[in-house]
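A.B. asks: Predicted model, plus sequence, below.
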Amino acid sequence: MSITDELTEVEQRAQDELAAVTDLNGLAGWKSSYLGKGGAITRLSRGMGALPAEERPVVGQQVNRLRATLEQAYSDAEARLKAAAREATLASDRVDVTLPGRQPALGRLHLTTQVFRQIIAIFAEMGFQVWESREVETDDYNFGLLNFLPDHPARDMQDTFYVEMPPDAPKTLLRTHTSPGQIHAMHRYAPNPLRVLLPGKCYRNEQVTARSEFMFHQFEFLAVGHSITMGDLKGTLDFFAERLFGKGTRTRFRASYFPFTEPSAEMDVSCFLCGAKGCRVCKYTGWLEIGGCGMVHPNVLRNGGYDPEKFSGFAGGFGPERIALLKYGIEDIRWFYSGDVRFLEQFS
Ligand code: DAH
């Protein structure tokens, strides 16, 4: 084959192959086989050495023209493939900026926390400070120092979970009420007067039902000072009840028994659901039971570091879940800690 025919053939083949190249990778391969060091053009230039001298300038020109043609074809193809790649990226990365955004799910305070905050605010107005006490207690703090006698049946009503301890350690348990916090607070403040609100978790080894959970919350209020009377307790609770349940809410005390108070009382509030006329929730009595209270027993004052001849005090323990059950007409306490957001998100 003459070199001129070869040039024509190389050009034809190069153009055909180039037309079949579909990406930049393929293009690089094409370039090295035609324009690269070991490529067709280099091979043709070298072949010129075998030509008679008079033919060389003509063929040289033809080879140079072919090189220029292929270089041009290469840069055209490169531009075309780069544009196509960009188009493909734009298409696959396309976002629809007109779509509405995704709403993040907003959390909110748990109902118990909300009720606690209301209660804390009310007691804060009366000078009570929040004092957080431990959930894991010794038997002594939970019972003994609160004047529970070792075999008194009042203990039976508060079975709980015990913590495994070394044999010589004191008996340790999950507190059954917030009352042991009273002793800790008194130890911290005696012999100065104190006014504290103790909110927190409590535990009881009980059958879980619509009315009782093995974990629940209480808040304890405690005031110790000089010449504090039952009148102060009543006044405090009247203010509390009107603030929490609405103006005109009345309170009443029924005699009761707790080892750590003397005298002891259950406090009821007039039913705020029916205006004390009588309804299903107040069982047609007009009254709702809210919690226990009383005057701090002299033994408890003594255990806390106060001289009961010089100091007196009042205390009480209420449950925020019970308050919320009544206030919002919730039928089952198990909803509180079920983790079901459909329940929780109703209260915000
Ligand atoms: N600790 C009692 C209970 O869990 C409630 C209670 C009653 C607390 C009377 C008090 C109180 O501080 O004075 O049943």
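C.D. replies: Done, it's in. Quick caveat: nothing in here was measured; it's all calculated off a predicted structure.
A.B. asks: From the ligand, how far off is the residue nearest to Phe148 when sequence neighbours are not counted?
C.D. replies: Leaving aside its chain neighbours, Phe148 sits nearest to Pro259 (4.8 Å; criterion: Cβ to Cβ, 6 or more residues apart in numbering). Where C-beta positions appear, they are placed from N, C-alpha and C, glycine not excepted. Going from Pro259 to the ligand by Cβ to the nearest ligand atom, to the nearest Å gives 9 Å.
A.B. asks: Surely Pro259 is in contact with Pro150?
C.D. replies: No. The criterion here is Cβ atoms under 8 Å, and Pro259 misses it with Pro150 at 11.5 Å.
A.B. asks: Who has more neighbours out of the two?
C.D. replies: Pro259 (19 against 8; other Cβ atoms under 10 Å).
A.B. asks: From the ligand, how far off is the nearest residue to Phe260 once chain neighbours are set aside?
C.D. replies: Leaving aside its sequence neighbours, Phe260 sits nearest to Leu146 (Cβ to Cβ, 6+ apart; 4.2 Å). Separation of Leu146 from the ligand (Cβ to the nearest ligand atom) stands at 8 Å.
A.B. asks: near the ligand, which residues of the stretch 201-348 of the chain?
C.D. replies: With Cβ under 6 Å from any ligand atom as the criterion, the stretch 201-348 of the chain meets the ligand at residues Glu220, Phe258, Thr261, Gly292, Cys293, Gly294, Ala315, Gly316, Gly317.
A.B. asks: which residue ranges form the strands in this protein?
C.D. replies: 129-130, 136-138, 162-163, 172-174, 194-203, 215-225, 251-258, 261-270, 287-296, 312-318 (DSSP state E).
A.B. asks: roughly how far is the fourth one from the heart of the chain?
C.D. replies: This means strand 172-174. What separates the centre of strand 172-174 from the centre of its chain is 27 Å, taken as Cα atoms, centre = their mean, to the nearest Å.
A.B. asks: What of the first one?
C.D. replies: Between the mean C-alpha location of strand 129-130 and the chain-wide mean there is a distance of 24 Å, by Cα atoms, centre = their mean.
A.B. asks: same deal with the last one?
C.D. replies: How far strand 312-318 lies from its chain's middle: 33 Å, per Cα atoms, centre = their mean.
A.B. asks: thinking again about what came up before, could the strands of the chain go into TSV alongside mean pLDDT and distance to Ile333?
C.D. replies: Putting the strands of the chain into TSV (pLDDT from 0 to 100; distance: least, Cβ to Cβ, whole Å) gives the following:
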stretch	mean pLDDT	distance to Ile333
strand 129-130	98	24
strand 136-138	97	23
strand 162-163	96	24
strand 172-174	96	18
strand 194-203	98	13
strand 215-225	97	7
strand 251-258	97	22
strand 261-270	97	19
strand 287-296	97	15
strand 312-318	98	15
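A.B. asks: before we move on, back to that, report the separation between the residue nearest to Phe260 and Val130.
C.D. replies: For Leu146, the distance to Val130 equals 21 Å [Cβ to Cβ, to the nearest Å].
A.B. asks: Could you check which of these two is surrounded by more residues?
C.D. replies: Neighbour totals were compared for Leu146 and Val130, and Leu146 leads with 24 against 15 (other Cβ under 10 Å).
A.B. asks: what's near enough to touch the more buried one?
C.D. replies: Contact partners of Leu146, counting by Cβ atoms under 8 Å, 6 or more residues apart in numbering, are Ser179, Pro180, Gln182, Ile183, Pro259, Phe260, Val300, Asn303.
A.B. asks: Quickly list the domain ranges of the protein.
C.D. replies: Annotated domains of the chain cover 3-92, 111-347 [automatic domain parsing].
A.B. asks: Find the one among these with the highest mean neighbour count.
C.D. replies: Mean neighbour count (mean count of other Cβ atoms under 10 Å) peaks for domain 111-347 among those, with a mean of 17.
A.B. asks: Pull up the distance across it, start to finish.
C.D. replies: End-to-end span of domain 111-347 (Cα to Cα, to the nearest Å): 6 Å.
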